[in-house]
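Engineer: structure for the following, please:
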Amino acid sequence: MNPPLTIGLPIHNEAKILPHLHSLLTEVCRGLGQEYEILYVDDGSSDSSPQLLREIAERDARTTVATLTRNFGHPAALAAAIDLARGESLVLMDADLQDDPGSSRRCCEPSENKGQRSSM
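Structural biologist: Numbers count the residues shown, from 1 in each chain. You can find the predicted model right below:
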């Protein structure tokens, strides 16, 4: 069964913030009171992001990781997130924490945005 919500994030060399980012996203998503998927699309990272993403996915069944074969660029990683998202609704956001993951809460309310796709 597909979750009501997917949070999709393109990742490129974000190893320094991935654990903190995932913790913030998990906190926000758990607070929504619905099932969710966090979908990371690794866009050919050359740092330890791929390994960290695998470790996160092994610990958290609600996390999905897609790995692009090389750096195709931000638009391609976003397109991959759109294609691979299983949720009825999708929120796209950048992983650099310039946008507060907590602000996505309004986009993710269970009854208001079913079937919608949005970005932050």
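
Engineer: just after the biggest helix by length in the chain, pick out the following helix or strand.
Structural biologist: Longest helix in the chain, counting residues (DSSP state H): helix 18-30. Following helix 18-30 in sequence order, the next helix or strand is strand 36-42 (DSSP states H and E).

Engineer: that next one - what's its average pLDDT?
Structural biologist: Across strand 36-42, pLDDT averages out at 97.

Engineer: what lines up beside that strand in the sheet?
Structural biologist: Strand 36-42 has the following strand partners under DSSP bridges: strand 5-11 (parallel), strand 63-67 (parallel).

Engineer: hang on, the earlier thing: got the contact list for the longest helix of the chain?
Structural biologist: Helix 18-30 is contacted by residues 5, 7, 9, 11, 14, 36, 38, 49, 52-53, 56, 60, 62-63, 95, 97, 101-102, 104-105, 108 when judged by CB atoms under 8 Å, 6 or more residues apart in numbering. Every C-beta, even on glycine, is put in place using the N, C-alpha and C of the backbone.

Engineer: run the angle between it and strand 5-11 for me.
Structural biologist: Following axes from the mean of the first three to the mean of the last three CA atoms, to 10 degrees, one obtains 160 degrees for the angle between helix 18-30 and strand 5-11.

Engineer: give the rounded mean pLDDT of helix 18-30.
Structural biologist: Taken as a whole, helix 18-30 has an average pLDDT of 95.

Engineer: checking residue 81 next. Helix, strand or coil?
Structural biologist: The three-state label given to residue 81 by DSSP: H, G, I helix; E, B strand; the rest coil is helix.

Engineer: next one: it from residue 33, what distance?
Structural biologist: According to CB to CB, to the nearest Å, residue 81 stands 24 Å off from residue 33.

Engineer: give me the more crowded residue out of these two.
Structural biologist: Between residue 81 and residue 33, counted using other CB atoms under 10 Å, residue 81 has the larger neighbour count: 24 against 8.

Engineer: so that one sits right up against residue 41, yeah?
Structural biologist: Yes: counting by CB atoms under 8 Å, residue 41 is a contact partner of residue 81 at 4.9 Å.
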